[in-house]
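Asker: Sequence and computational prediction follow.
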Amino acid sequence: MKYLSETALRTSAFGLALMATTAGAALAEKSVTIGLTADPSHLYPLAGEELSSNIMYYHLYDPLVKRSADLTFGPGLAESWENVDDTTWRFKLRAGVKFHNGNDFTAEDVVFTVEKARESIRPDLVANIASITAVDDLTVEITTPKPYAVLPNDLAELLILDSDYTTETGDEKMDLEPMGTGPYMLGEWIKEEKLTLNAFDGYWAGKPKIDTVIFRPITNPATRTAALLTGEVDVIQDLAVRDVDRVKREEGFEVVTRPSLLNVVLAMDTRAKSPTIEGDNPMVDQRVREAIARAIDTDAINKIVMNGLAMPSDQFVPESHIGYADGISFREMYPVDIDAAKELMADAGYPDGFTMTLDATNNRYVNDAQIAQALASMLAKINIDLQLNIMPKSNFWGYIRVPTEQSSFIMSGWDVPAGDAGSMYGALFYTRDKKEGYGQVNRGSYSNPELDALIDQADATPSIEERDRLLQEASKLLLADIPMIPVHYEQDIYAVRDGVSLSPRVDKFIWAYDMDVAE
């Protein structure tokens, strides 16, 4: 089915101006076609979160605080901000910013977006905002329940909506007719075929160098590589590890890599009864969780499945992040040891093991289905019969959504572009239904009052140093209790044709505004 944006037609002057210039400028326009691993699920930023959708959100919308390619933070729709007191922040907004339909961006749009997020499936985005007030058209004041040092970092995730347009259009229709202040506007979306973005001439930071960006979902890795080499696309995301050497040998193409923030992880159900396990849930016992950890050989996965293009993860966040605990490693705490793992299983009362199901994707992470198969072989060595439930990511996110009524063991990924472990820990490990905006993706139903208290204390200090100390304590607790197993950080691998400039971002977003194409 074909969806056409009405963005350029909402205001006739704006729409006609765009249409009138299109034909004459066509020959001079720059365009690029990008092959993604999947079609976005949404274009409305409060409808869900996954990489393909996130890439589109940041082309179409802007946050108050912008996250740069290297994860530093700076002005976005907010020019500046300051702490008025320990719990009050004042943000001065950028003047003269327009939405794609010509509406002015004002403080009321920021207030509206915060309140809209509260009632969406993304209340986590505003969990540490107690109240927000429009002081004047270009100033907002935000209060936090307690001193909260990293509020500006959080706001890099909150994309600002046009209050009038969103109210008129409705949430569901916003997926098809997005309206933001970003550098690009939606031109056309033919689901599962292509999505076209057109440069927004009135973008506050300057018109993009590339006029037209076409995103094509190509789920099969071999097909993506072929599409690049035959000239169907100019850039591909997630070049298959087996194709790296092949593309390097081809004249006219370049392989571009950078270490990823995305940590592939395994969430274990900690409820007394688990959906795919007969009888009591063995994973309630920390000894069983440790046995599973000791049976998983991440070095072998990297060498055999990932062709050496991954980095086994030693904690839940990388060393650069607030909350990383120096001098401690998951791999050193739980080295591969099948005999020790069997002994732990026996001590916990499961010498003959048990059967459970692993839910995993086959088109979201690099070689995800192959990793799942490797995990099944490894856990078989300690008598765990791991049944594989592998599905496309389009089905996966709804299937594992909290309260995870169908899942016992889940392979997914998590990255923390805010550079702070607190956002991850509050989302993945905080006791569910205890505090608004926390535990919303706690798929293992993990609950530890000591961890909750550490997260609460970290979120209540105005000191970054104290926050780091508290979150390091939380990291140590999680590594000891093992509610989740870190597997590896992916290596982001792109391939581009000559003439296209691409500098990969740490957060894996492909942002056309930073790209260029040779004349």
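Answerer: Nice, I can see it. Numbering: from 1, shown residues only.

Asker: Return the residues in contact with L197.
Answerer: L197 sits next to 56, 59-60, 184-187, 212-215, 512 when contact means C-beta atoms under 8 Å, 6 or more residues apart in numbering. Placement of C-beta: from N, CA and C, glycine included.

Asker: a helix runs through it, doesn't it?
Answerer: No: L197 is assigned strand when assessed by DSSP: H, G, I helix; E, B strand; the rest coil, not a helix.

Asker: quick one: pLDDT of it?
Answerer: As summarised for this prediction, L197 has a pLDDT of 98.

Asker: Kindly report the same for T404.
Answerer: 89.

Asker: Please look at it and S412 and confirm they touch.
Answerer: No: T404 is not in contact with S412 according to C-beta atoms under 8 Å; the separation is 11.1 Å.

Asker: Mind listing the shared neighbours of the two?
Answerer: By C-beta under 8 Å, 6+ apart, the residues touching both T404 and S412 are R443.

Asker: buried set for stretch 473-491?
Answerer: Residues of stretch 473-491 classed as buried by neighbour count (16 or more other C-beta atoms under 10 Å): 473-475, 477-479, 481-491.

Asker: do the same with stretch 455-462
Answerer: 455-461.

Asker: Ok, stretch 352-360 next?
Answerer: Those would be 353-354, 356-360, for stretch 352-360 by 16+ other C-beta under 10 Å.

Asker: Name the nearest of the contacts of L197 relative to P259.
Answerer: A512 (22.3 Å; C-beta to C-beta).

Asker: per-residue confidence for the closest one?
Answerer: pLDDT, A512: 96.

Asker: Nearest spatial neighbour of it, chain-adjacent residues omitted?
Answerer: Spatial nearest neighbour of A512, chain neighbours left out: V213 (4.4 Å); criterion: C-beta to C-beta, 6 or more residues apart in numbering.

Asker: is it true that A495 touches D245?
Answerer: No: A495 lies out of contact with D245 (C-beta under 8 Å); the separation is 11.7 Å.

Asker: The strand or helix carrying E168 - what's its average pLDDT?
Answerer: Per DSSP states H and E: E168 is located in helix 163-169. Averaged across helix 163-169, pLDDT comes to 97.

Asker: immediately after that helix, which helix or strand?
Answerer: helix 171-174.

Asker: which residues are contacting that next one?
Answerer: Under C-beta under 8 Å, 6+ apart, the answer for helix 171-174 is 43-44, 46-47, 120, 166.

Asker: now do 6 Å
Answerer: Y44 (C-beta atoms under 6 Å, 6 or more residues apart in numbering).

Asker: List the pairing partners of the next helix or strand after it within its sheet, with orientation.
Answerer: Downstream of helix 171-174, the first helix or strand assigned by DSSP H and E is strand 184-190. Strand pairing for strand 184-190, determined by DSSP bridges: strand 2-4 (antiparallel), strand 194-199 (antiparallel).

Asker: if we can go back for a sec, could you list the buried residues of the helix holding E168?
Answerer: 163, 165-166, 169.

Asker: Give me the helices and strands touching that helix, please.
Answerer: helix 107-118 (3 or more C-beta pairs under 6 Å, 6 or more residues apart in numbering; DSSP states H and E).

Asker: just the CA coordinates of the helix it packs on, formatted as CSV?
Answerer: Extracted in CSV, the C-alpha atoms of helix 107-118 (Å, rounded to 0.1, in the frame of the first residue of the first chain):
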residue,chain,number,x,y,z
ALA,A,107,7.5,27.0,24.2
GLU,A,108,3.9,25.6,24.1
ASP,A,109,5.1,22.9,21.7
VAL,A,110,7.7,21.8,24.3
VAL,A,111,5.1,21.7,27.1
PHE,A,112,2.7,19.8,24.8
THR,A,113,5.4,17.2,23.9
VAL,A,114,6.3,16.5,27.5
GLU,A,115,2.7,16.0,28.5
LYS,A,116,2.1,13.9,25.3
ALA,A,117,5.0,11.7,26.2
ARG,A,118,3.5,11.0,29.7
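
Asker: rewinding a little: angle of the helix or strand the residue nearest to A512 falls within against strand 184-190?
Answerer: Applying DSSP H and E as the criterion places V213 in strand 212-217. With axes from the mean of the first three to the mean of the last three C-alpha atoms, to 10 degrees as the basis, strand 212-217 and strand 184-190 are set at 40 degrees to each other.

Asker: Output strand 212-217 as PDB, restricted to C-alpha atoms.
Answerer: The C-alpha trace of strand 212-217 is given here as PDB (Å, rounded to 0.1, in the frame of the first residue of the first chain):
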ATOM      1  CA  THR A 212      16.700  13.800  -1.700                       C
ATOM      2  CA  VAL A 213      17.400  10.800   0.500                       C
ATOM      3  CA  ILE A 214      15.800   7.500  -0.400                       C
ATOM      4  CA  PHE A 215      15.800   4.700   2.200                       C
ATOM      5  CA  ARG A 216      15.300   1.200   0.900                       C
ATOM      6  CA  PRO A 217      14.600  -1.700   3.300                       C
END
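
Asker: Now it: buried residues?
Answerer: Buried residues in strand 212-217 (16+ other C-beta under 10 Å): 212-217.

Asker: ok, S52 - contacts?
Answerer: 36, 38, 40.

Asker: Show me the residues you listed that map onto strands.
Answerer: L36 (DSSP state E).

Asker: mind putting the contacts of S52 in a markdown table, neighbour count included?
Answerer: What follows is those, written out as a markdown table (neighbours: other C-beta atoms under 10 Å):
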| residue | neighbour count |
| --- | --- |
| L36 | 23 |
| A38 | 21 |
| P40 | 21 |
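
Asker: Where does confidence bottom out across the contacts of S52?
Answerer: A38 (90).

Asker: The residue nearest to G437 when sequence neighbours are not counted: neighbouring residues, count only.
Answerer: Excluding the flanking residues, the one nearest G437 by C-beta to C-beta, 6+ apart is A127, at 2.5 Å. Using other C-beta atoms under 10 Å, A127 is surrounded by 23 other residues.

Asker: you'd agree A127 is up against G439?
Answerer: No: in this structure, A127 is not within contact of G439 by C-beta atoms under 6 Å, at 10.2 Å.

Asker: ok, and the closest non-adjacent residue to G444?
Answerer: Per C-beta to C-beta, 6+ apart, closest to G444 is A267, 4.5 Å.

Asker: Show me where the chain dips below the pLDDT cut-off.
Answerer: 1-28 (pLDDT under 70).

Asker: Tabulate the contacts of S52 (CSV), appending distance to E466.
Answerer: As requested, the contacts of S52 are arranged in CSV below (distance: C-beta to C-beta, whole Å):
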residue, distance to E466
L36, 41
A38, 40
P40, 39
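
Asker: out of the contacts of S52, who's nearest G349?
Answerer: Looking across the contacts of S52 and measuring by C-beta to C-beta, the closest to G349 is A38, at 41.9 Å.

Asker: Output the lengthiest strand in the chain in CSV with nothing but the alpha carbons.
Answerer: As assigned by DSSP E, the longest strand anywhere in the chain is strand 253-268. The C-alpha trace of strand 253-268 is given here as CSV (Å, rounded to 0.1, in the frame of the first residue of the first chain):
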residue,chain,number,x,y,z
PHE,A,253,33.7,1.0,-3.0
GLU,A,254,34.8,1.5,0.6
VAL,A,255,34.1,-0.4,3.8
VAL,A,256,33.7,2.0,6.8
THR,A,257,33.6,0.6,10.4
ARG,A,258,33.5,1.9,13.9
PRO,A,259,32.9,0.2,17.3
SER,A,260,29.2,0.1,18.2
LEU,A,261,27.4,1.0,21.4
LEU,A,262,24.9,-1.7,20.8
ASN,A,263,25.3,-4.5,23.4
VAL,A,264,23.7,-7.8,22.5
VAL,A,265,22.2,-9.1,25.8
LEU,A,266,20.2,-12.1,27.1
ALA,A,267,17.4,-11.3,29.5
MET,A,268,16.4,-14.1,31.9
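
Asker: Which residues does it contact?
Answerer: For strand 253-268, contacts defined as C-beta under 6 Å, 6+ apart pick out 244, 247-248, 283, 289, 313, 365, 410-411, 413-415, 443-444, 484-497, 502, 504, 506.

Asker: next one: stretch 480-497
Answerer: 228, 234-236, 239, 247, 253-258, 260, 262-267, 289-290, 293, 298, 309-313, 316, 330, 366, 444, 446, 502, 504, 508.
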